[in-house]
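Student: need coordinates for the below:
(chains A and B)
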There are 2 protein chains.
Amino acid sequence: MTREILINAFAMNAPGHLSPGLWRHTADRSADYRHIRHWVDLAKTLERGLIDGLFIADVVGVYDVYGGSVDAAVRGGVQVPVNDPLQLVPAMAYATEHLGFGVTASVSFEHPFPFARRMSTLDHLTGGRVGWNIVTSYLDSGARNLGQARQAGHDDRYDVADEYLEVVYKLWEGSWADDAVLRDRASGIFADPAKVRPIRHDGPNFKVPGIHLCEPSPQRTPVLYQAGASSRGRRFAARHAECVFVGGPTILILKRIVSDLRAAAVEAARRPDDIKILNMQTVILGRTDSEAEDKAADYRSLVDHTGALALLSGWTGVDLSTYGLDEPLRHVKTEAGQSALESFTTADPDRQWTIRELAQWCGIGGRGPVLVGSARTVADQLQHWIAETDVDGFNLAWAVNPGTFEDIVDLLVPELQRRGAYKTAYRPGTLREKLFGDGPRLNARHTGAGFRTLP
Amino acid sequence: MTREILINAFAMNAPGHLSPGLWRHTADRSADYRHIRHWVDLAKTLERGLIDGLFIADVVGVYDVYGGSVDAAVRGGVQVPVNDPLQLVPAMAYATEHLGFGVTASVSFEHPFPFARRMSTLDHLTGGRVGWNIVTSYLDSGARNLGQARQAGHDDRYDVADEYLEVVYKLWEGSWADDAVLRDRASGIFADPAKVRPIRHDGPNFKVPGIHLCEPSPQRTPVLYQAGASSRGRRFAARHAECVFVGGPTILILKRIVSDLRAAAVEAARRPDDIKILNMQTVILGRTDSEAEDKAADYRSLVDHTGALALLSGWTGVDLSTYGLDEPLRHVKTEAGQSALESFTTADPDRQWTIRELAQWCGIGGRGPVLVGSARTVADQLQHWIAETDVDGFNLAWAVNPGTFEDIVDLLVPELQRRGAYKTAYRPGTLREKLFGDGPRLNARHTGAGFRTLP
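Tutor: Residues are numbered from 1 along each chain as shown, chains lettered A, B, ... in the order given. All right, here's what the predicted structure looks like:
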């Protein structure tokens, strides 16, 4: 049986996301990110194409490693300015019926008590179509602006994140019984206080004695997304995530990532397919292969090398402004920096990369693979990736906005549908039901289900 | 010349706001607060009536003084559940063109760096129609759930709030020059880094070295609302607020509040009319006086006394569950508690109030005056309040939702328009331009304007 592919659109509330410089393209309207109609139009386009969800990335901070300042990022509009992702969702939800929404939020930047309320509110307002991309780490520049000297250590962060999750599970799953709310006009009882419990959380990082401020929302816990790649991150994902975003640059590497994640899920007493895995990719589509190739060449000519290096410097911690564009990667002086950068070149490890080549390669879609061709060519490739790697689907970034997404909806989706590899209608119900086919709540094997302490 | 009245609708993202028990009314749809369409419909109704703004109250906490637990509030749906107010705005903004939005947010519950981004995002998405109701104090139950033993002292809170405002002014007014963003496709320069400055804030409570994450929004600083009533609160309002919400229960008291506020504005080197003052009131309208009286009697019969006492106990800190409903107010044992409660009875200070009477009186519209009658009667009264007190307008709460607001739009507004006391079209521009007639930015006399350090 042909396997059905999941497709998310990957975006950011910013003029530039993963393809620095492409906002200069005459067809690009990324700069309209400030206007609500831009997002509502995008949501309608995606729903027309039965896209599973719109996943909105975020950083609370700036890319200021390159040259030791924010100048290169500001000049190129490289993930700065960057607006709050959360507020895009209510308007898009109002204008659509089925599209899911994944919102990125860091556990470092808001206390779990008000955060739990934000997500429950969003789950109510969207009718159960919201997911939370749990971020544990961020840019140092973000931490500094919150009065921290720098970020906590990597593993410590995950310990805090584990407790953060415990608090929100208690609020979402354990504070209000399913039948707590009566709304009984005759008796005047809105909710039965015997069925609403204070969570009495008292841990090393958080103390939350009270009840959740929100009545049960359709999904209670939003669909949980995560993108951790380290071994500690994978353990965290295996325990908490229902969807994992990965960035496998080649089939070989992605295959290993997927199999490791499914094994980790099993170790965490879950099923291998309790986790949906989506790979970050970019597709450049045309009506023919050569039209697509021309489009890709046009896009490549607009890549902002300095902008790409600002991103790479932020991701790796290496200030690439101190190297010439034609220096080989191996000239990068610190061992850690060299190895971080080399992880971006795993697509072609035997090649001797220069800094410029790396910038050019990462300048469209970050480190994710870029597939170019007619819908037929790209569909062949995506199905090949699925078959070889056991990945569940793709998180497709924009090169040009909204052109890339319009091409996906108008060209790629119909081709996949003809092959039986894409749904022809949305499933009913919440985002969780659409993705997993079961009920609206976390399944019984998920760690969060253990916090349902009320009858 | 007849003075034009400002009218805000006053609401909360909750099934019950200031009229506990009235959700039981057959015409009430407050319980639909969870659904986005409920809010979009309300916004459209308000815009049809040229209402200036929708002001959304909020508490991050519960009313748990009464009986020492949250039970009474939960049972009666008394401001609990309570969802996040912010997320209602983008959908309502998408569906309207002119209506303003006032969002309540406490300076105690989110760091100013991400908060500044939230408000700038909202100002962008609404096209400059957003106001921020600055809250400095909250319920102790909220503070406890954020890991604080209890709230900071009253005056300390205002000192922290002053620094919080300084940080957000620097981010909103001082980080990006007006002409920083070029969006120049030819040169590839998105923004000129020389015109984007880190704010380098280093104060006792907050350290924020970086740049604001958002490019300039239409109003930069959202319209600033405040509701402080104490003398320290009034000083804070005189310095920061552009609109002040007050709760004057009688003409005599309101007149003094208004004149004190205008004097305080002058002391802060502003003009008396730099602050728009809105009094919290509730209007119950009918096509005739007797229809309105019947409606009011119907509403009064549904007041939830226990719910009203839960609110009053939270507001005053006195556990009213320990008194009989028919005990006189003067039986309340602590002097502070007695005086706090008596402040609610200033509408009729010579009367010997019982606890029950107080609950009944506060059970519709909290401590605000309730005006009942035909549009003509109520318009007479409102104009009388304006003439006698110099207040600029009213913050009208719902008794029944959306019925109270529909009556305001369909009955009251046309009557005020016939008298030349209400606008017949929205002014163009941002919320600030609509309210003050000047430009979209803070005026030069406002303390926030002093943070425009860029050319």
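
Student: which parts of the stretch 351-455 of chain A are strands?
Tutor: For the stretch 351-455 of chain A, strands defined by DSSP state E, counting those that start in this stretch occupy the ranges A:370-374, A:393-397.

Student: strands paired with the first one, and their directions?
Tutor: In the sheet containing strand A:370-374, the strands it pairs with under DSSP bridges are strand A:276-286 (parallel).

Student: specify the next element, helix or strand, located C-terminal of the strand it pairs with.
Tutor: Downstream of strand A:276-286, the next assigned helix or strand under DSSP states H and E is helix A:289-300.

Student: so is that next one next to chain B?
Tutor: No: using C-beta under 8 Å from any C-beta of the partner chain, helix A:289-300 stays clear of chain B, with a minimum separation of 13.6 Å. Every residue, glycine included, has its C-beta placed from N, CA and C.

Student: packing partners for that helix?
Tutor: strand A:276-286, strand A:370-374, helix A:375-389 (3 or more C-beta pairs under 8 Å, 6 or more residues apart in numbering or on different chains; DSSP states H and E).

Student: turn these into a markdown table, including mean pLDDT, distance to A:Trp398 and mean neighbour count.
Tutor: Shown next, in a markdown table, are the helices and strands packed on helix A:289-300 (pLDDT from 0 to 100; distance: least, C-beta to C-beta, whole Å; neighbours: other C-beta atoms under 10 Å in any protein chain shown):
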| stretch | mean pLDDT | distance to A:Trp398 | mean neighbour count |
| --- | --- | --- | --- |
| strand A:276-286 | 97 | 8 | 24 |
| strand A:370-374 | 98 | 12 | 21 |
| helix A:375-389 | 98 | 15 | 19 |
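
Student: and of the ones you listed, who's closest to B:Ala425?
Tutor: B:Ala425 lies closest to strand A:276-286 among those, at 47.3 Å (C-beta to C-beta).

Student: what are the C-alpha coordinates of the closest one, in PDB please?
Tutor: In PDB, the C-alpha atoms belonging to strand A:276-286 read as follows (Å, rounded to 0.1, in the frame of the first residue of the first chain):
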ATOM      1  CA  LYS A 276       5.600  11.200  13.700                       C
ATOM      2  CA  ILE A 277       8.900  12.300  12.200                       C
ATOM      3  CA  LEU A 278       9.100  15.100   9.700                       C
ATOM      4  CA  ASN A 279      12.300  16.100   7.900                       C
ATOM      5  CA  MET A 280      13.100  19.700   7.000                       C
ATOM      6  CA  GLN A 281      13.400  20.100   3.300                       C
ATOM      7  CA  THR A 282      12.800  22.700   0.600                       C
ATOM      8  CA  VAL A 283      11.200  22.000  -2.700                       C
ATOM      9  CA  ILE A 284      11.500  24.200  -5.800                       C
ATOM     10  CA  LEU A 285       8.800  23.200  -8.300                       C
ATOM     11  CA  GLY A 286       8.100  24.000 -11.900                       C
END
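
Student: hmm, back to that, who wins for proximity to A:Gly317 among the strands of the stretch 351-455 of chain A?
Tutor: Nearest to A:Gly317 among the strands of the stretch 351-455 of chain A is strand A:393-397 (22.7 Å), distances taken as C-beta to C-beta.

Student: on that earlier part again, let's have the helices and strands packed on helix A:289-300 in TSV, adding distance to B:Gly210.
Tutor: Converted to TSV, those look like this (distance: least, C-beta to C-beta, whole Å):
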stretch	distance to B:Gly210
strand A:276-286	27
strand A:370-374	32
helix A:375-389	39
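
Student: so which of these gets nearest B:Gly403?
Tutor: strand A:276-286 (45.4 Å).

Student: what angle separates that closest one from helix A:289-300?
Tutor: Strand A:276-286 and helix A:289-300 are oriented at 100 degrees to each other (axes from the mean of the first three to the mean of the last three C-alpha atoms, to 10 degrees).

Student: gap between strand A:276-286 and the chain center?
Tutor: Counting by C-alpha atoms, centre = their mean, to the nearest Å, strand A:276-286 is centred 13 Å from the centre of its parent chain.

Student: before we move on, what about stretch A:44-53?
Tutor: For stretch A:44-53, the distance to the chain centre is 17 Å (C-alpha atoms, centre = their mean).

Student: that stretch: end-to-end distance?
Tutor: 12 Å (C-alpha to C-alpha, to the nearest Å).

Student: return the set of buried residues in that stretch.
Tutor: Applying a neighbour-count criterion of 16 or more other C-beta atoms under 10 Å in any protein chain shown, one finds A:45-47, A:49-53 buried in stretch A:44-53.
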